[in-house]
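> Need the 3D shape of this:
(2 chains)
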Amino acid sequence: MYFQFTEDQRGFQDSVRKFLANECTPVHIRASWTTETGRSPELWSKLAEMGLFSLLVPEEHGGLGSSEVDLVLLLEETGRAALPEPVVETAAIGVPLIAGLQRKALAEAWLPKVAGGEAILTVGHEVNPFVTDAHVADLLLLQRGNEIHAVPRDQVTLEHQPCNDPSRRLYRVEWTPSAATRVARGEEGRSLLAAALDRGALACAAQQLGIAQQMVDMAGRYACEREQFGKPIGSFQAIKHMLANVVVRIEFARTMVYRAAFSVAENAVTRAVDVSQAKLAACEAAVSGAKTALQVHGAIGYTWEQDLQIWMKRAWALDIAWGTGAWHRARLAATVLDGDVLPETFSVRREASPA
Amino acid sequence: MDLTYTPEEEGFRLEARTWLEAHVPKTPLTSFDTAEGFQQHREWERTLNSGRWSAVNWPVEYGGRGANLIQWLIFEEEYFRAGAPGRVNQNGIFLLGPTLMEFGTPEQKARYLPRMASSEEVWAQGWSEPNAGSDMAAIRATARRDGDHYVLNGQKTWASRGAFADWLFGIFRSDPNSEKHRGLTFILVPLNLPGITVRAIAQLDGETGFAEVFFDDVRVPVENRLGAENQGWNVAMATAGFERGLMLRSPARYQATARKLIALYKIYAKTADPCLRDAVARGWMNAEAYSLNTYWTVSRLLQGGSIGAEASLNKIFWSEMDVQMHETALALLGPRAELLPHAPAAENAGHWLDGFLFAMAGPIYAGTNEIQRNIISERLLKLPRS
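Here you go, the predicted structure:
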């Protein structure tokens, strides 16, 4: 039993954090709001060079063959930077979905390109009515019942759905399923789609940790600078206690997210319930972080010019992506209250209990 | 990261489980906040110690088994799984013990730790005073140096286990010209010394869980001082860190409560308010979160890290979680929730009521949750002091 990351994993996290602090600033993000695609091919190439997209690609397809435990800290950083690019769909969901297919043709054709930053993936799953970044995706992995279809972008029709978060690009996707597009069905499809959902929820949860931390840090700095009644507002307990409550939520969500990363990487029997807990806890941290940071900032936080909106709107968006709170609460309650597989003491335990 | 147990850890678990199954009393003991129950619990601690299970992570020479903190967590999981009695000497074993390991002289460790491990000496805490609660640095009880003795005067209050304990640890103002957290000394006091008056205080449940302790020219040898003279605040803060943080409230306790809550829900599921379903699941989730957080902290400590302001995060989390689970249980019990354990129709309601009353103290003791929020915002977020 050892529940910490390695120095290498922390080092990778640090390098991604520093990279994004320079390459994905609020200035860059605001600039992307007014471009046609809202996405940056240059940034995507640099992220590929860092190894972000090859992390989960098996070595036989030119990747690093790493696991979600390696990826989770990097996703947290993409949240801290409010990176608009479809990293979750490509690196966290699309890659392992393709790698998990029984027929290897798709993996051979696409994974080396994805690892090199030459192809973008997105995923259409029934929990999400709209598909993110379908407009820049080279290949769309789309659910139809228990079937998964791999459809190139030139074979789909997209209807753009403008959203609250100006960085988000959501689309209704129309397409015609055929035997040629189908890559999995039956039990294989069901199992891969369930895994895709858990990977999506885990990735959102990891991003929410970074988003929540960023908003608390911003609000903390503002509370030290902003003076009223002749002193920094951060010296008032009403402000202190609000922010402390968010810190508690973040820190207790953090370990749930890291545990869920391990459970997904190991395909643990408790994977689904571990992921639901992580998604719930991280989204509650981020949504309460947004509410608190806005309140601490006061009217200035309510303006378009204040950068707080970048993280606040992302927190609200990811709260409903890859399973809403209600969806994950229902799955959690069904497992805990109706199931008979509840671990006896501690669900990280994988081995059978001693007799 | 590897969140599975090693064969050695599973072996340790099995050893603990086997011993506990053979030794845990079959009928529940009386509350340790009664004279009779206190003695019963002292007996149980002796039995635990005879198997070297009372302080598993202590060195062997002091009555432990040199277990690491992961093994300690495993032992706690098995302890609560077995439904074993509450720990009457937790002030000693879980709070003062680790502080003695850090600050004690070799002579003090040899003198106090083995008798603590066996509960031959049960400890009470002496922090608060009538005018020093959340503002603990406002302590007024004095320790005047007189040759090789300290002469104690003043009053401590809310001394947990004070009504029946043998010893008390606390901080006293040793420099009369000092203010706030300076000039305090950490002293270990036998409660049978001349000049000490203990007055038990009944708690919300009517039992005497804490006491007022009056000191009237009480002479204590200088060797009863823990740490340096006038440096007691640092020693006390280390103890408070253990209390809020790791040792006082092991995660297994709340996981046990969560499992009982789920069992209770299953009895009332058909008639319960539908919103209680999520509340029960939430209790289980919170207990998982607390357990994970503890394994995370312990893994860091095993690498040589230390526990700091994170202890305040823990304290807020476990105390609020405990209240939430007990409120949910009482809501499930409905009109029966007000019955005392010995009411003829109480069934299991009374135990949840007891637990609820105890949980309601959580946000107050070991530093109120408001004090913890100050600590979090000032130390972790670097907000200015009030």
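> Torsion angles phi and psi at the closest residue in space to residue A:32 that isn't next to it in sequence?
In this structure, residue A:32 finds its nearest non-sequential neighbour in residue A:38, 5.0 Å apart by CB to CB, 6 or more residues apart in numbering or on different chains. Using the backbone N, CA and C atoms, a C-beta is placed for each residue, glycine as well. Dihedral angles of residue A:38 (phi, psi; degrees, to the nearest 10) stand at phi 70, psi 10.
> Contacts only, for residue A:38.
Neighbouring residues of residue A:38 by CB atoms under 8 Å, 6 or more residues apart in numbering or on different chains: A:32, A:84, A:167, A:169.
> In TSV: the residues you listed, plus neighbour count and secondary structure.
Formatted as TSV, the contacts of residue A:38 follow (neighbours: other CB atoms under 10 Å in any protein chain shown; DSSP: H, G, I helix; E, B strand; the rest coil):
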residue	neighbour count	secondary structure
A:32	18	helix
A:84	25	coil
A:167	19	coil
A:169	24	coil
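> Quick check: residues of the stretch 101-250 of chain A near chain B?
Residues of the stretch 101-250 of chain A lying near chain B by CB under 8 Å from any CB of the partner chain: A:216, A:220, A:223-224, A:231-232, A:234-237, A:239-241, A:243-245, A:247-248.
> count of neighbours near residue 247?
Going with chain A. Residue A:247: 26 surrounding residues under other CB atoms under 10 Å in any protein chain shown.
> um, chain B though
Count around residue B:247 with other CB under 10 Å applied: 21.
> Wait, it touches residue B:95, no?
Yes - counting by CB atoms under 8 Å, residue B:247 touches residue B:95, with 6.7 Å between them.
> Can you turn the buried subset of the residues of the stretch 101-250 of chain A next to chain B into a selection I can paste into PyMOL?
For the buried members of those, the matching PyMOL selection, counting by 16 or more other CB atoms under 10 Å in any protein chain shown, is:
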select buried, chain A and resi 216+220+223+224+232+234+235+236+239+240+241+243+244+245+247+248
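> Is the residue in the stretch 51-200 of chain B positioned nearest to chain A within a helix or a strand, and which one?
Residue nearest to chain A within the stretch 51-200 of chain B: residue B:77 (4.4 Å; CB to the nearest CB). Using DSSP states H and E, residue B:77 maps to helix B:69-81.
> Tell me which helix or strand comes right after that helix.
Taking DSSP H and E, what comes next after helix B:69-81 is helix B:90.
> Can you tell me what sits against that next one?
With CB under 8 Å, 6+ apart as the criterion, helix B:90 contacts residue B:248.
> sorry, back to before: so which of the contacts of residue A:38 comes closest to residue B:66?
residue A:84 (52.8 Å; CB to CB).
> quick one: contacts for the closest one?
Per CB under 8 Å, 6+ apart, neighbours of residue A:84: A:29, A:32, A:38, A:39, A:167, A:168.
> how about those residues in a markdown table, adding pLDDT and distance to residue B:50?
Shown next, in a markdown table, are those (pLDDT from 0 to 100; distance: CB to CB, whole Å):
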| residue | pLDDT | distance to residue B:50 |
| --- | --- | --- |
| A:29 | 98 | 65 |
| A:32 | 98 | 69 |
| A:38 | 97 | 70 |
| A:39 | 98 | 69 |
| A:167 | 98 | 64 |
| A:168 | 97 | 64 |
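> mind putting those residues in TSV, distance to residue A:112 included?
Listed next are those as TSV, based on distance: CB to CB, whole Å:
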residue	distance to residue A:112
A:29	30
A:32	28
A:38	27
A:39	21
A:167	29
A:168	29
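> Quickly name whichever of these is closest to chain B.
The closest of these to chain B turns out to be residue A:29 (CB to the nearest CB; 24.5 Å).
> So that closest one lies in a helix, does it not?
Yes - counting by DSSP: H, G, I helix; E, B strand; the rest coil, residue A:29 is found in a helix.
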